[in-house]
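# coords please:
(one chain, ligands or ions: 2)
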Amino acid sequence: MLILKNITKTFPGTKALDDVCLSFQNGEIHALLGENGAGKSTLINIICGIYPNYEGTVILDDKVLKLRSYQDALETGISIVNQEIQTIPDSTVAENIMLDKLERFQKWGRLNWKELNNKALEYIKMVHLDLEPGVKVGPLSTAQKQLIQIAKALASETPVLLLDEPTSALTEHETATLFTLLRELREKGKNLIFVSHKLDEIFALCDKVSVIRDGRWIGTDKIQNLDREGIIKMMIGRETSDEYLGVLEPDRDTVVLEVKDLFLKNKVNHTSFQLKKGEILGFYGLVGSGRTELAKVLIGEDRYQSGEVFVNGEKVIIRSMSEALKKYGIGYVSENRKEEGLILDFSVETNIGLTIWDKIRGKISRKISRTKEDKIVLPLIDRLKIKIASPQQEVSSLSGGNQQKVSIGKWLAADCDILIVDEPTIGVDIGAKEYIHDLIWDLAKNKGKSIILISSDLPEMLKLSRRIMVFQNQNIMGTLDDLTGEPKNNDEVSLKIGGLMI
Ligand SMILES: Nc1ncnc2c1ncn2[C@@H]1O[C@H](COP(=O)(O)OP(=O)(O)OP(=O)(O)O)[C@@H](O)[C@H]1O
Ligand SMILES: [Mg+2]
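Ligands and ions are numbered 1, 2, ... in the order given. Next up, the predicted model:
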């Protein structure tokens, strides 16, 4: 059993945890829930030695732990799947998996590579990754990297396993495979702590739920005694209203973006579509189905081999993301914020302000007007409820979900005419998710902006999009038009989408 007694952790300007007491039993999967910035990752990082300084006591099997590093934690029997993907790009899959356990393969000062690769392969297979141990990690997809991190933690074979949002980049199928594995570990008596913002996952997997809010423990209960609404209320202190957003009336005669027979080998397969002014066009499909690939071609990150792109009726060739934004008013909220969306060692204010600097620069002095920047950036921080000690705080010290909010805020500030939002609510909490939906809706409905919404969250897609293109294997399997968005039709539309994907 793992016991936390009166844990308090303070960062400059923030009390991330305040007198938290919790216990985690062997043979159980215990969910740790809370809004972005509630303190979940901080707690997990304390348990596994990453944050050695805190007040309070951590006790494992009657012994008080004094861990100074993650290596200490591994030796004590605790391993973690980190919220952020931290694979080493220039190393192989096997090296990444065995990185913290290399000494096991050492004999007379030399590494036995064959043994290392063979052992790694067991875990590669366990998470159903179809990769050779000797492949370099760099070019792999985010989902594959996440599975490598999971394999790395599994390979530690520790009695305690901490999983901080392990499924954020995984497809439903990959998640199901992981859950089968985790259930097997539970049967073997392991102690599993699981963090996720996806409540369906909590109900499918976990035995117990603990909620923290603003660093304080709110409650713990068995999953049988809880329902969705109850959990949400514990997390955010109020109920959510997943209401019907109403009718969207795009300007059907104005095509802002048109794509004709676009082709890029293995990425975009002869795709054509039109985006109307004021519409929210959904790109629905599983991760890897070709939606992000198409978006990247549209914003000039990748070059297409044939086909045509028109912006406001004019044929264009977009060469870079900055050209997409400055010349054509097209913005892209990346699904992969850590690698593409943010400059981590810059402040929150700078990251959000970046896209508007050209607009607020003095005409002669070329200096950026701080007052003008504050006027745009500060209300966004407020509206998105980004949890920070000050706008000058470095983005790297924000909780994962709050980083995601910064990356969305940045594009909202940019005031683009066409905004491509890629998985906008992955990793954000339920309250913020609702708010981001309202913002996207408001841009289209009231400001005449045109949105492409890429999401694998079907309820999100049904709520916001009135036209949905369904992607699979780089192909568009079909388009559903004139959707009303009324919740009573959701089952019918889901079935149609399912039909297109068979
Ligand atoms: N290194 C740090 N320096 C300063 N503040 C920090 C640091 N790490 C975390 N914090 C702050 O501590 C609080 C808790 O963050 P934590 O990462 O534990 O949240 P979380 O519950 O994991 O949220 P999320 O769901 O977004 O991942 C946040 O307000 C965050 O900004
Ligand atoms: Mg976190």
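
# would you put the C-alpha positions of stretch 69-89 in PDB?
Only the C-alpha atoms of stretch 69-89 are listed here, as PDB (Å, rounded to 0.1, in the frame of the first residue of the first chain):
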ATOM      1  CA  SER A  69      15.500  11.100  -8.000                       C
ATOM      2  CA  TYR A  70      13.500   9.000 -10.400                       C
ATOM      3  CA  GLN A  71      16.300   6.400 -10.300                       C
ATOM      4  CA  ASP A  72      15.700   6.100  -6.600                       C
ATOM      5  CA  ALA A  73      12.000   5.500  -7.300                       C
ATOM      6  CA  LEU A  74      12.700   2.800  -9.800                       C
ATOM      7  CA  GLU A  75      14.900   1.000  -7.300                       C
ATOM      8  CA  THR A  76      12.200   1.300  -4.700                       C
ATOM      9  CA  GLY A  77       9.600  -0.200  -7.100                       C
ATOM     10  CA  ILE A  78       7.800   2.800  -8.600                       C
ATOM     11  CA  SER A  79       7.700   3.800 -12.300                       C
ATOM     12  CA  ILE A  80       5.900   6.400 -14.300                       C
ATOM     13  CA  VAL A  81       4.400   7.000 -17.700                       C
ATOM     14  CA  ASN A  82       4.900  10.800 -18.100                       C
ATOM     15  CA  GLN A  83       2.200  13.200 -19.200                       C
ATOM     16  CA  GLU A  84       4.600  14.700 -21.700                       C
ATOM     17  CA  ILE A  85       6.300  12.600 -24.300                       C
ATOM     18  CA  GLN A  86      10.000  12.500 -23.500                       C
ATOM     19  CA  THR A  87      11.500  10.000 -25.900                       C
ATOM     20  CA  ILE A  88      15.000  10.500 -27.200                       C
ATOM     21  CA  PRO A  89      14.800  11.000 -31.000                       C
END
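
# got the contact list for L443?
Contacts for L443 (Cβ atoms under 8 Å, 6 or more residues apart in numbering) come out as 412, 419, 449, 451. Bear in mind the C-beta positions are built from the backbone N, C-alpha and C, glycine included.

# same thing but at 10 Å, please
Contact partners of L443, counting by Cβ atoms under 10 Å, 6 or more residues apart in numbering, are 278, 280, 412, 415-417, 419, 421, 449-451.

# What of L226?
By Cβ under 10 Å, 6+ apart, the neighbours of L226 are 31, 199, 202-203, 206, 208-209, 211, 219, 234.

# Now the element after the longest strand belonging to the chain, going C-ward?
Across the chain, the strand with the greatest residue count (assigned by DSSP state E) is strand 251-264. Later in the chain than strand 251-264, the nearest helix or strand by DSSP states H and E is strand 268-277.

# Just the buried residues of that next one, please?
Within strand 268-277, the residues scored as buried using 16 or more other Cβ atoms under 10 Å are 268-269, 271, 273, 275-277.

# what does stretch 233-248 give?
By neighbour count with 16+ other Cβ under 10 Å, stretch 233-248 contains the buried residues 234-236, 245, 248.

# how about it as PDB, C-alpha atoms only?
Output of stretch 233-248 as PDB, limited to C-alpha atoms (Å, rounded to 0.1, in the frame of the first residue of the first chain):
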ATOM      1  CA  LYS A 233     -19.300  18.300  -9.800                       C
ATOM      2  CA  MET A 234     -16.400  17.200  -7.500                       C
ATOM      3  CA  MET A 235     -13.900  18.400 -10.100                       C
ATOM      4  CA  ILE A 236     -15.200  21.800 -11.000                       C
ATOM      5  CA  GLY A 237     -17.600  22.600  -8.200                       C
ATOM      6  CA  ARG A 238     -20.600  22.900 -10.600                       C
ATOM      7  CA  GLU A 239     -22.500  20.900 -13.200                       C
ATOM      8  CA  THR A 240     -21.700  21.300 -16.900                       C
ATOM      9  CA  SER A 241     -24.200  22.100 -19.500                       C
ATOM     10  CA  ASP A 242     -23.500  20.200 -22.600                       C
ATOM     11  CA  GLU A 243     -26.200  22.100 -24.400                       C
ATOM     12  CA  TYR A 244     -27.300  22.300 -28.100                       C
ATOM     13  CA  LEU A 245     -25.500  25.300 -29.700                       C
ATOM     14  CA  GLY A 246     -28.200  26.100 -32.300                       C
ATOM     15  CA  VAL A 247     -28.300  26.700 -36.000                       C
ATOM     16  CA  LEU A 248     -25.200  27.800 -37.900                       C
END
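
# what does the average pLDDT come to for it?
Averaged across stretch 233-248, pLDDT comes to 80.

# what's near enough to touch the nearest residue to D251 once chain neighbours are set aside?
Nearest residue to D251, sequence neighbours excluded (Cβ to Cβ, 6 or more residues apart in numbering): K277, at 4.2 Å. By Cβ under 10 Å, 6+ apart, the contact list for K277 reads 250-257, 312, 417-418, 444, 448-450.

# Pull the residues that contact whichever strand or helix holds L181.
Here L181, judged by DSSP H and E, is contained in helix 172-187. Applying Cβ under 10 Å, 6+ apart, the contact partners of helix 172-187 are 26-29, 81, 126-129, 143-144, 146-147, 150, 154, 157, 159, 161, 163, 166-167, 170-171, 190-192, 194, 196, 198, 200-201, 204-207, 286-287, 456.

# And these, which of them are buried?
Taking 16+ other Cβ under 10 Å as the criterion, what is buried in those is 28-29, 81, 126-127, 129, 143-144, 146-147, 150, 154, 159, 161, 163, 166-167, 170, 190-192, 194, 196, 201, 205-207, 286-287, 456.
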